[in-house]
Each structure stands twice: as structure tokens, then as C-alpha cells.
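Engineer: can't give you the sequence, but here's the structure:
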């Protein structure tokens, strides 16, 4: 509040003419109140309707009234149609309860214009505790109210804008998700159709070599299908669990093929690779396993071709190691089809920057693939 | 020796239905009908007797496979297995179906599933291992594959 002293205007003493209280002329506090820039009034609650008995110049400047227009009147003339009813009620309660009150209220000037009034009311009692006056000060806080309103309006506008943008983004995301599901659905159906076409062709083929070729092709397509099925069943389509794939693959190749005499040995750590590596890794594992199944095991005198096939996956220090082993006849008996498979494996290994090694396991063969699969490889895939 | 199954195929893709029929018959079972829409499937269900129905979710008249499963479930005249590329569209209660074979399935995967289902239908619960790519519904999970 601004209590800075200003020069007292001539005749200011007359302002206290209506005051019946003990504040006398020449009182420096009364002089200060008359001259301050803070608008102040004093009302007399002992008279009917609690009329104004003193108003300083600042009050008259703020409200636009002449002194004779306000002295003897109730303060109600400051209220207007837009004045908040609850603020009026608070003032009424403070007066009747003889209590302090601080409230922001919309008041009207003589010319009908409005201003926000930070009103402070305080009861004044004499030494005996009897209520003498109410003291009230008025501060024009229209600027503060305007910026409050502006901030509220800005906040509402921003909130609305954010809400609209969020709704747009959510709609875009939903459209994208729908599209992804649609594409995923078509890819799966098409893979299924490719498999069906190959199978149908194979049924009508009379040549055994052609049948074998088609069957190998079907296995490769089905390896891709299994990758796609597993990839889009998981929650995160950017990651692929290669151990789960290996489990699926080996059970798929063994259970229905009637090769129950071949026992699988699986030693699989749960290993996750980036989705873009899923297909080449899956195709490589498929080649190695099917190759072992077809060529590693010689027919025994009882007509069966028994043996053991093992898949081991581990990830020591940022590498993925895949080991496919069998206890069959070894590498010497590789035939023509296997050599295409070999080329396929070597090309895929190059794509994955994998080292691949064929070892004579005596008996059988052990193929070891080792490729980088650390977090340092993220975003560095071709 | 367990008796062979009578199979109803509800699938809108002719190619897939054809191949499915071959696989079913190769395994010693028989196909009693092929429907491509909800209406056809209803007719087929009312006029034939199948042990098991393989039902795609997406048919020629939209995603009506679930309705087919419910129609079959109401009549209790065969069991249902969904075959779909979009297993997420299957309701949580599976509309009473045994489970789902997710597309793309492999030839061996389907043949294994057939054997597993044959055991399950003829002499429940099935004794062979549940094939990869075949998921049981929660209801059948508790009956056919209770946690040990």
C-alpha cells in the first residue's frame, strides 16, 4: 500500500466536519489519511444504513463522485448489475459481524464504468470496545484482474489446443495401427497362400526330385512364415525371440515328420534380436537343421535313421552364438542341394556380419555361427 | 486306433480351403463342407454333422467368423477351432472355441494340430504335445492342459 505523504490541499480540515468522533483537527494521522493516494472512507454503523461520514480525495478520484454526493450515503451506490452477489454478501456479513474483510469486488463509477476494487474493511472501536466506525480502503486492481482473466483465457485456449492436437495424434496413431494390422493380415494370408500353392504343386508332381525341391522350398517359406507369425504375436514388433523360434522350428520339423527316432537336444538361452535380423537368422537356422535332418543320418539295418540333433544358443559379451550339431555321418556326404543351402547360409552370414565355422565333431558335424548382437548394433543394420 | 474326424471348413480364400481339405484328407479325416460366409456356414451347420469346424475370422461378408463360432456353439453339434491371421480379433472368451491356429501355419504345424485335436475330440484330454502355433482358449486350457 502507498502511504506516501502528499501535500495537504487547502480546506482539507473541513473533511472531518461530519466526524463526531474524538479524532481532532491537527491530528497528523487524520491529515495523512486525507491526503494519501490510497482511497479510503469511514462509515458510521451507529447511524441508519451505515452511511459514509468521511471520504478522502483519492476515493472521489477513483469513483468519479463529488464529496457531497457520497457523504451520508450507504456504499451500495458502488454496486451494479455485474457485481458478484457473494462478494456483497461477504461485506454484509463482515459489517454485521464487526469483522475484518478483504475481498475483490466489481464496482461502478459515477459514469457507469467499472473497476475491480480490492476492498479492505475493518471495524474501529473505542477504548471501551464499543464499535465506532468502519474503516474501508479501496484499491483499483483492474489491471491485475485483466491479466488474471487473460491468463485463465490463455490457459483455456492452450488446453483446448493441446486437447485438439492430442485427439488428432491419437486418431493418426489409430489409423496407422489399423493400417499395420491390415498389412500384417495380408502378409500372413499371402504367406499362407504361397505355402498352399507350393503344396498343391507338389501334390501333382510325379518326379521325386521335383517333389524334394518343392518340399525344401516349402520349408524355407514356412521358416519365413513362422518368423512373421511369432513377430506379430508379440507385443513389441521390433524385437524377435530367436530361442522361441528355434523351439518352434525343431518341434515343427520333427513332430509331424514322423522322425521320432531323432532326439533333439536344446540348450537355448532366451535371446532377443532386432526384427530386421529375424528373417536371415531364421533362414540360416532352418537351413542348418533341415540339412542335418536330411543328410546327417544314414539308414540303419532296421530301416530307421536315428540320431541326435542339438541346437545351442548363447550370448557371450555382445555376441549371439548359434550352434547346430548332429552325431551323423559328417560333412563328407554333402550333395548338390546341400551346396545351394551352403551358399544361402554363407550369403546370409555375410549380411549379418556373422562368422560361420563347420567343425568335424567326430561323429557328426558342428556348425557354429557367431554374430554381433549388442546394443551397439542398434540403428546400424543394413 | 482313434476314429477319424468329420471336418467343416469355414474359409473365404478358395486356395487355402482347397489345401486345407487336402491336408485333412491326407491325415485320414474327411471334409463334410466348405463355407465362405456366415450364411453359408449356418446352412452347412444345420444340414451336416461335423466333429470339428475350422473357422477363419474374416469371411466374404466381413469379420463374421466369431458369429459362426457362436452359432455352432448354440447348437452344440461340433467343436470350433479358429484359423486366423489376426488372433487379436478373437474375443477373450473365444466364443466357446477350443483354440486358435494362427496363420501362417506350417504344413507340419497344421497336421500336428489335427492329431492333437483328434485326440482331444475322441479321447480328451489329448496326450500328444501341443503343437507350436496352436493356442488353447482359457476354458480349454484348464481342461486339456491343466498346470501341473
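Structural biologist: Looks like it arrived, so ask away. All values derive from a computational prediction rather than experimental measurement.

Engineer: identify the residues contacting stretch B:80-96?
Structural biologist: A:181, A:184-185, A:188-189, A:192, A:233, B:11, B:20, B:52-58, B:63, B:65-66, B:68-70, B:72-73, B:97-105, B:113, B:117, B:135, B:137-139 (CB atoms under 8 Å, 6 or more residues apart in numbering or on different chains). (Glycine included, C-beta is placed from N, CA and C.)

Engineer: just those residues: which are in strands?
Structural biologist: Judged by DSSP state E, these include B:52-55, B:99-102, B:135 as members of strands.

Engineer: so which of those is the closest to chain A?
Structural biologist: Lowest distance from chain A to these (CB to the nearest CB) belongs to residue B:102, with 5.4 Å.

Engineer: the closest one pairs with what?
Structural biologist: In this entry, residue B:102 is beta-bridged to residue B:84, by DSSP bridges.

Engineer: ok, it - how many residues close by?
Structural biologist: Close neighbours of residue B:102, defined as other CB atoms under 10 Å in any protein chain shown, add up to 23.

Engineer: now do the same contact list for it.
Structural biologist: Residue B:102 neighbours (CB under 8 Å, 6+ apart): A:229, A:233, B:84-85, B:87, B:133, B:135.

Engineer: number of residues surrounding residue A:43?
Structural biologist: Residues within reach of residue A:43, counting by other CB under 10 Å, total 23.

Engineer: returning to what we had before: any of the ones in strands among the contacts of stretch B:80-96 buried? List them.
Structural biologist: Buried by 16 or more other CB atoms under 10 Å in any protein chain shown: B:52-55, B:99-102, B:135, out of the ones in strands among the contacts of stretch B:80-96.

Engineer: can you list those in JSON lines and add pLDDT and distance to residue A:352?
Structural biologist: Below are those laid out as JSON lines (pLDDT from 0 to 100; distance: CB to CB, whole Å):
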{"residue": "B:52", "pLDDT": "94", "distance to residue A:352": "42"}
{"residue": "B:53", "pLDDT": "95", "distance to residue A:352": "43"}
{"residue": "B:54", "pLDDT": "96", "distance to residue A:352": "37"}
{"residue": "B:55", "pLDDT": "95", "distance to residue A:352": "39"}
{"residue": "B:99", "pLDDT": "92", "distance to residue A:352": "35"}
{"residue": "B:100", "pLDDT": "93", "distance to residue A:352": "33"}
{"residue": "B:101", "pLDDT": "93", "distance to residue A:352": "31"}
{"residue": "B:102", "pLDDT": "90", "distance to residue A:352": "27"}
{"residue": "B:135", "pLDDT": "88", "distance to residue A:352": "30"}
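
Engineer: which of the three states applies to residue B:4?
Structural biologist: Assigned with DSSP: H, G, I helix; E, B strand; the rest coil, residue B:4 falls in the coil class.

Engineer: spatially nearest residue to it, not counting backbone neighbours?
Structural biologist: Spatially, and ignoring its direct neighbours in sequence, residue B:4 is nearest to residue B:29 (4.6 Å; CB to CB, 6 or more residues apart in numbering or on different chains).

Engineer: give the buried subset of the contacts of stretch B:80-96 as a PyMOL selection command.
Structural biologist: Of these, the buried ones can be selected in PyMOL as follows, counting by 16+ other CB under 10 Å:
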select buried, (chain A and resi 184+185+188+189+192) or (chain B and resi 11+20+52+53+54+55+56+57+58+65+66+68+69+70+72+73+97+98+99+100+101+102+103+104+105+113+117+135+137)
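
Engineer: how far is the lengthiest strand in chain A from where the chain is centred?
Structural biologist: If each strand of chain A is counted by residues according to DSSP E, the longest one is strand A:114-125. Offset of strand A:114-125 from its chain centre (CA atoms, centre = their mean, to the nearest Å): 47 Å.

Engineer: next helix or strand past the worst-scoring helix or strand of chain A on mean pLDDT?
Structural biologist: Within chain A, no helix or strand scores below helix A:336-351, which has a mean of 80 by mean pLDDT, DSSP states H and E. Using DSSP states H and E, the next helix or strand after helix A:336-351 towards the C-terminus is strand A:355-360.

Engineer: list the buried residues of the host helix or strand of residue B:41.
Structural biologist: Residue B:41 is part of helix B:38-47 when elements are defined by DSSP H and E. Neighbour-count burial for helix B:38-47 flags B:38, B:40-42, B:44-45 (criterion: 16+ other CB under 10 Å).

Engineer: same question for stretch B:112-124.
Structural biologist: Within stretch B:112-124, the residues that count as buried by 16+ other CB under 10 Å are B:112-121.

Engineer: tell me the domain boundaries of chain A?
Structural biologist: What automatic domain parsing lists as the domains of chain A is A:12-140, A:237-377.

Engineer: lowest average confidence across the ones you listed, which one?
Structural biologist: Taking the mean pLDDT of each of those, the lowest value is held by domain A:237-377, a mean of 81.

Engineer: how far off centre is that one?
Structural biologist: Mean-position distance between domain A:237-377 and its chain equals 42 Å (CA atoms, centre = their mean).

Engineer: phi, psi of residue A:167?
Structural biologist: As for residue A:167, its main-chain torsions (degrees, to the nearest 10) stand at phi -60, psi -40.

Engineer: not counting sequence-adjacent ones, nearest residue to residue 66?
Structural biologist: Since you didn't name a chain, this refers to chain A. Residue A:66's closest residue in space is residue A:60 (CB to CB, 6+ apart), at 6.9 Å.

Engineer: hmm, no, I was thinking of chain B.
Structural biologist: Closest to residue B:66 by CB to CB, 6+ apart is residue B:95, at 5.1 Å.

Engineer: tally of neighbours for the one you found?
Structural biologist: Number of residues near residue B:95 (other CB under 10 Å) recorded here: 20.

Engineer: same question, residue A:371
Structural biologist: With other CB under 10 Å as criterion, residue A:371 counts 21.

Engineer: now the strands for the stretch 201-350 of chain A?
Structural biologist: Under the criterion DSSP state E, counting those that start in this stretch, the stretch 201-350 of chain A contains strands at A:239-241, A:262-268, A:272-274, A:307-314, A:319-326.

Engineer: save those as TSV, and put in mean neighbour count and distance to chain B too.
Structural biologist: Output for the strands of the stretch 201-350 of chain A, formatted as TSV (neighbours: other CB atoms under 10 Å in any protein chain shown; distance: least, CB to the nearest CB, whole Å):
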stretch	mean neighbour count	distance to chain B
strand A:239-241	19	13
strand A:262-268	15	12
strand A:272-274	18	18
strand A:307-314	20	14
strand A:319-326	21	18
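
Engineer: where does pLDDT dip in chain B?
Structural biologist: Low-confidence segments of chain B, defined by pLDDT under 70: B:1, B:146-148.

Engineer: what's the top helix by length along it packed up against?
Structural biologist: Assignment by DSSP state H gives helix B:107-122 as the longest helix of chain B. Other helices and strands packing on helix B:107-122, by 3 or more CB pairs under 8 Å, 6 or more residues apart in numbering or on different chains; DSSP states H and E, are helix A:208-233, helix A:242-255, helix B:14-26, strand B:79-84, strand B:99-102, strand B:134-136.

Engineer: in the longest one, what counts as buried?
Structural biologist: What that stands for is helix A:208-233. Neighbour-count burial for helix A:208-233 flags A:213-216, A:218-232 (criterion: 16+ other CB under 10 Å).
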